[in-house]
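1. Got a predicted structure here, sequence first:
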Amino acid sequence: MAKPVTKAAYRLTDGSKAAEFIHEAWVTATTGRKGPVLLDLPVDQQKVEIEVDLDVLIGSTPVDNLPQASDADIEKTLELLKDAKRPVLLSGGGVNIANATIELKALAEELQIPVVTSGMGMDTFLTITLYSLDVWERCLILHSVTKQLLKLT
């Protein structure tokens, strides 16, 4: 049930392994593309007493850098955008995570491509700018805005 909105879902079946369980969920949530994980902790397992050194547990958690696109990937993407008949950029929360709002604006202006944002990315691209098509969810709800989106692209 949680699969569409989480990176992973974990169910604790052995309370004595709670530390490893939480550690694995933390690593999953914070490595690669960051995202939510679901921890299912049944009541009977919540009552199990364990000893754990939180400094060791948290200190041993690797937090990697954000994934980086290669120069070749960037060039290919630019070519695809330039060759597209009706390109649209969809800006989501990943733009915020990467601190790339300035780069997004520059890309949209340079290539003159409209930008629509997801709910998580609504602050990544100001809706008052020339190339903004507003927030995707609102575009889907408002038929007239959806028509405008199709005309502009």
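-> Yep, it's here. Numbers count the residues shown, from 1 in each chain.
2. Now do the strands in this protein.
-> Per DSSP state E, the chain carries strands over the ranges 8-11, 37-40, 89-91, 115-117, 132-135.
3. buried stuff in the third one?
-> Buried residues in strand 89-91, defined by neighbour count with 16 or more other Cβ atoms under 10 Å: 89, 91. Every C-beta, even on glycine, is put in place using the N, C-alpha and C of the backbone.
4. Parallel or antiparallel, list what pairs with that strand.
-> Next to strand 89-91 in the sheet, as set by DSSP bridges, lie strand 115-117 (parallel).
5. hmm, which helix or strand of the chain has the shakiest average pLDDT?
-> Among the helices and strands of the chain, helix 136-141 carries the lowest confidence by mean pLDDT, DSSP states H and E, at a mean of 51.
6. picking up where we left off before, may I see the strands of the chain organised as CSV, with mean pLDDT and distance to residue 73 added?
-> Shown next, in CSV, are the strands of the chain (pLDDT from 0 to 100; distance: least, Cβ to Cβ, whole Å):
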stretch, mean pLDDT, distance to residue 73
strand 8-11, 88, 26
strand 37-40, 89, 27
strand 89-91, 86, 16
strand 115-117, 83, 20
strand 132-135, 58, 25
